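Trainee: Sequence and predicted model, in that order:
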Amino acid sequence: MKRCSWVNLNNDLYINYHDYEWGVPSHDDTYLFEMLLLESFQAGLSWECVLNKREYFKEAFDNFDYKIISKYDEEKIEELMNNKNIIRNSLKIKAAINNAKIFMDIQEKFDSFDKYIWSFTNGEAVVGNGTNTTSVLSDKISADLVKRGMKFVGSTIIYSYLQAIGIINDHEDTCRFKNN
């Protein structure tokens, strides 16, 4: 079975992520937040590193419940900074808390984050070429999220996020999942 060339075939988590999640259109706000949080922690690291720690992140960040995360205090930040199973970066942890608040503001304004994020493509997935790391679309969404106050949402992170949640289908042409 042909997969995208970036998939580490020695890592079952990576294979399952590629085959069953990456590029699959999602409309669930909880999942959309989870991926936004994880993508923001990827900045400067590999996705595989984040993916390998995903279950630890889930436990540490209250099952990615943005309502709970938005209320984290200094004590919780310190707890996270001492958690050796996750990526311990205070700026990223504080950004996750901040972004949870902004995420809920967007939900309130648009009725859901799903409606907001998919409005940039009129609800349609777009096909990428498998080689980009940014696009006009990721530039536009990144700028809008920054304007709303989010952190760690540069165009490269947002491009990866759009791939992850299925707005951009960037499977390589030889990948059997390209047209799914």
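Mentor: Sure thing, it's come through.
Trainee: tally of neighbours for Glu172?
Mentor: Using other CB atoms under 10 Å, Glu172 has 17 neighbouring residues. C-beta coordinates here come from the backbone N, C-alpha and C atoms, glycine included.
Trainee: That one: what secondary structure?
Mentor: What DSSP: H, G, I helix; E, B strand; the rest coil gives for Glu172 is coil.
Trainee: From Gln163, how far out is it?
Mentor: For Glu172, the distance to Gln163 equals 12 Å [CB to CB, to the nearest Å].
Trainee: Which of the helices or strands spans the residue nearest to Asp62 when sequence neighbours are not counted?
Mentor: Spatially, and ignoring its direct neighbours in sequence, Asp62 is nearest to Ile68 (4.4 Å; CB to CB, 6 or more residues apart in numbering). For Ile68, the host element (DSSP states H and E) is helix 66-69.
Trainee: What's the first helix or strand after that helix?
Mentor: Helix 66-69 is succeeded, C-terminally, by helix 74-81 (DSSP H and E).
Trainee: what's the helix holding Ile68 packed up against?
Mentor: Counting contacts by 3 or more CB pairs under 8 Å, 6 or more residues apart in numbering; DSSP states H and E, the secondary-structure elements packed against helix 66-69 are helix 29-42, helix 90-110.
Trainee: Can you tell me which of the ones you listed is most buried?
Mentor: helix 29-42 (a mean of 22; mean count of other CB atoms under 10 Å).
Trainee: just checking, next helix/strand downstream of that helix?
Mentor: Per DSSP H and E, the first helix or strand lying C-terminal to helix 29-42 is helix 47-52.
Trainee: Quick one: find the helix or strand in the protein with the lowest mean pLDDT.
Mentor: strand 126-127 (a mean of 90; mean pLDDT, DSSP states H and E).
Trainee: any idea which helix or strand comes after that one?
Mentor: That would be, after strand 126-127 and using DSSP H and E, helix 136-148.
Trainee: and Trp47, how many residues sit next to it?
Mentor: For Trp47, the count of nearby residues is 17 (other CB under 10 Å).
Trainee: picking that back up, the helices and strands packed on helix 66-69: which one's closest to Leu80?
Mentor: Evaluated over those, closeness to Leu80 peaks at helix 90-110, with 5.1 Å, by CB to CB.
Trainee: now for the least confident helix or strand of the chain, which elements pack on it?
Mentor: So strand 126-127, by 3+ CB pairs under 8 Å, 6+ apart, packs with strand 168-169.
Trainee: what comes into contact with the strand it packs on?
Mentor: 23, 125-128, 135, 137, 159, 162-163, 178 (CB atoms under 8 Å, 6 or more residues apart in numbering).
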